[in-house]
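A.B. asks: My questions concern the predicted model and sequence given below.
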Amino acid sequence: MRSSEEFDYVIVGAGSAGCVLANRLSEDADVQLAVLEAGGPDHSIFIRMPAAFSVPLANDRYNWYYHTEPEPAMDGRRMYCPRGRVLGGSSSINGMVYIRGHAFDYDGWAQRPGLAHWSYAHCLPYFMRCENRLQGADDYHGSGGPLAVTTPSMRNPLFHAFVEAAQQAGYAYTRDMNGFRQEGFGPMDQTTLRGRRWSTMRAYLRPAMWRPNLRVLPRCLALRVVFEGRRAVGVEYARGGAVRFARARREVILSGGAINSPQLLMLSGVGEADALRRLDLPVIADLAGVGANLQDHIEIYVQHACTQPVSLYSTQKPLAKLAVGLRWLLTSTGPGASNHFEAGGFIRSRAGVRHPDLQYHFLPIAADYDGKEKIDQHGFQAHVGPMRPTSSGSVRLRSSDPRQHPAIQFNYLQTEGDRAEMRAAVRLTREILAQHAFDPFRGRELRPGPDVVTDAQMDAFARARAESAYHPSCSCAMGSDSRAVVDGELRVRGVEALRVVDASVMPAVVSGNLNAPTIMIAEKAADLIRARRPLEPMQVPVFEHPNYRTAQR
């Protein structure tokens, strides 16, 4: 059966970008739009409770549960790559860290032909428009926007030890990594409100769902974009055992993320022609860049035992978990109300680096990020990883079946530059954790372990234990060169009435977490799609270390 409905816009994916677009486009009452989402509702307590994010992150109920192909420079490991499959997308399963990236990242985008309007000055107003910063507005932040941004209280003494130790090691304190100064250590903002996750579903989509011109269709798997000639005219999708068609009078917009958007483009005949023909797919547009340039952040943990019972380990026993959950259910307070990445930092790995290329997330427990492995004792860990990798990979189709996961290859740590940054990350982190501020808490080093000291040993540790930070991006990069997939207005090259709006359009990954930049991209794209006058650029000062050419800190 193939039934059909007609809309002005059809959006594929109700994630970090799709929810923003649904809200902003449906503000125009004369516009009809549909949002197709492969996942279901976000009602789970494990989504709403910030401390429980490891549950949806580590299973396939709300998650595409992707794994890479064997990674050549990672001992052939198939590495985990979770992506949200639920209303809110990855913003409903992520760690809720709100980091924009560095101003120089966006200025770097703007130096590419056709992307001048993606500079930091052009993007800052859209960051500000999205924000409801509970600490109030200033020259760098907005208030009154849909997205709640909270600066954590850092009550656990281990957070303060980490920030103080960094200062003892010679790094600066920064009160706002999203403001004037990213470089340094301090509190790390999070997308929570009064102890609850504030996903784009809660911030953008739910308030818009009452509008009569918006249809949200969960549990709908997009099969292909349908073309008439070179014009996208709608999306074929599967729902409830039937194949249906949503026609788009104006545009089709793909917001599936860095894995799903290139997959759907290729299934629809937009991609490298020879690869499409090998799978008996039609060739609508020969774009070799679709699925190429895939980038991600990778990180390791420097992990210690804790000599005092102040870590989160005491909350991990079954009865303690029950108490945490009941307190959160009744009051939205206590350990359940935080993502526990309350402190972090950004530093430069060596002299000569203009802006920070290493990021820290500090966690007051010894455990894997996705919760699969816990250390049976009190502990703490610093997550650290390079921000601007020179290794890149690809998303490729395995078959023409939309239900089969694509082949994902990041090629982590393939370049010597990336490996050198990771070695520097281990050494610099050990130096921070060795400062006096940690003397009351520091037990033995659990990872990498005191025997890991040489370059070769650190490389082996990274190959065996480094993990994705879950920031896939850049696989439908914007630009004007032969490898670009979309132009500066996010229109897919070589076809009509088709855009991509999500993290895949980044030409290069930014220095930080990706949820905030993805929301900004969608806010800016909404004005492009609506042909509205863009927000005025905002020129504000940004910190640059005066001696970066000769000093590492």
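C.D. replies: Received the coordinates, thanks. Residues are numbered from 1 along each chain as shown.
A.B. asks: Going along the chain, name the helices of this structure.
C.D. replies: Secondary structure of the chain (DSSP state H): helices located at 18-25, 45-48, 54-57, 103-110, 120-130, 157-168, 200, 206-208, 257-267, 273-278, 318-331, 416-433, 455-465, 515-529.
A.B. asks: Compare the mean pLDDT across the ones you listed and name the weakest.
C.D. replies: When these are ranked by mean pLDDT, helix 54-57 comes last with a mean of 92.
A.B. asks: follow-up on the earlier one: compare the helices of the chain and give me the one nearest Val395.
C.D. replies: helix 257-267 (4.7 Å; CB to CB). In short, each C-beta sits where N, CA and C put it, glycine included.
A.B. asks: What are the buried residues along the closest one?
C.D. replies: Using 16 or more other CB atoms under 10 Å as the test for burial, helix 257-267 gives Gly257, Ala258, Ile259, Asn260, Ser261, Pro262, Gln263, Leu264, Leu265, Met266, Leu267.
A.B. asks: Report the strands that pair with the one helix or strand in the chain whose mean pLDDT sits lowest, each with its relative direction.
C.D. replies: Least confident helix or strand of the chain, by mean pLDDT, DSSP states H and E, is strand 2-12 with a mean of 90. Its sheet considered, strand 2-12 pairs with strand 33-36 (parallel), strand 242-254 (parallel) by DSSP bridges.
A.B. asks: And the contacts of it?
C.D. replies: Residues from elsewhere that reach strand 2-12 (CB atoms under 8 Å, 6 or more residues apart in numbering): 18, 21-22, 25, 31-36, 215, 222, 234-236, 242-256, 261, 264, 529.
A.B. asks: can you do 7 Å?
C.D. replies: With CB atoms under 7 Å, 6 or more residues apart in numbering as the test, strand 2-12 has contacts from 18, 21-22, 25, 31-36, 222, 234-235, 243-256, 264.
A.B. asks: Then stretch 67-74?
C.D. replies: 76-81, 407-414, 463, 466.
A.B. asks: Stretch 403-416 too?
C.D. replies: 66, 68-69, 71-74, 81, 259, 263, 294, 296, 298, 390-398, 419, 422, 462.
A.B. asks: List only those of those residues flagged as buried.
C.D. replies: Neighbour-count burial (16+ other CB under 10 Å) is assigned, among the contacts of stretch 403-416, to 66, 68-69, 71, 73-74, 81, 259, 263, 294, 296, 298, 391-397, 419, 422, 462.
A.B. asks: Strands - which of those land there?
C.D. replies: Tyr66, Cys81, Ile298, Ser394, Val395, Arg396 (DSSP state E).
A.B. asks: Would you mind listing the two of those that lie farthest apart?
C.D. replies: Ile298 and Arg396 (20.3 Å).
A.B. asks: related to what we said a few turns ago, pick the most deeply packed of the helices of the chain.
C.D. replies: Each of the helices of the chain was assessed for mean neighbour count using mean count of other CB atoms under 10 Å. The highest is helix 200, with a mean of 33.
A.B. asks: gap between it and the chain center?
C.D. replies: Here helix 200 is found 13 Å from its chain centre; the criterion is CA atoms, centre = their mean, to the nearest Å.
A.B. asks: looking at the helices of the chain, which is closest to Thr550?
C.D. replies: Across those, Thr550 has its closest neighbour in helix 416-433 (16.6 Å, CB to CB).
A.B. asks: Surely Ser332 is in contact with Arg197?
C.D. replies: No: under the criterion of CB atoms under 7 Å, Ser332 is not in contact with Arg197, lying 10.9 Å apart.
A.B. asks: the more surrounded of the two?
C.D. replies: Between Ser332 and Arg197, counted using other CB atoms under 10 Å, the more crowded position is Arg197 (27 against 17).
A.B. asks: That one pairs with what?
C.D. replies: Bridge pairing for Arg197 - DSSP bridges - gives Thr192.
A.B. asks: surely it meets Arg48?
C.D. replies: Yes: using CB under 7 Å, Arg197 is in contact with Arg48, at 5.6 Å.
A.B. asks: most centrally placed residue in the chain?
C.D. replies: Of all residues in the chain, the one closest to the mean position by CA atoms, centre = their mean is Leu514, 3.2 Å from it.
A.B. asks: Identify the spatial nearest neighbour of that one, chain neighbours not counted.
C.D. replies: His471 (4.6 Å; CB to CB, 6 or more residues apart in numbering).
A.B. asks: and that neighbour, how many neighbours?
C.D. replies: 26.
A.B. asks: Return the distance of it relative to Cys306.
C.D. replies: 28 Å (CB to CB, to the nearest Å).
A.B. asks: ditto for Pro356
C.D. replies: 27 Å.
A.B. asks: from memory Gly291 sits against Pro262, does it?
C.D. replies: Yes: with contacts counted by CB under 7 Å, Gly291 reaches Pro262, the gap being 4.0 Å.
A.B. asks: Any regions of this protein where pLDDT drops low?
C.D. replies: Residue ranges of the chain with pLDDT under 70: 1-3, 369-374.
A.B. asks: show me what contacts Gly114?
C.D. replies: Gly479, Ser480, Asp487, Gly488.
A.B. asks: change it to 10 Å
C.D. replies: Met478, Gly479, Ser480, Asp481, Ala484, Asp487, Gly488, Glu489 (CB atoms under 10 Å, 6 or more residues apart in numbering).
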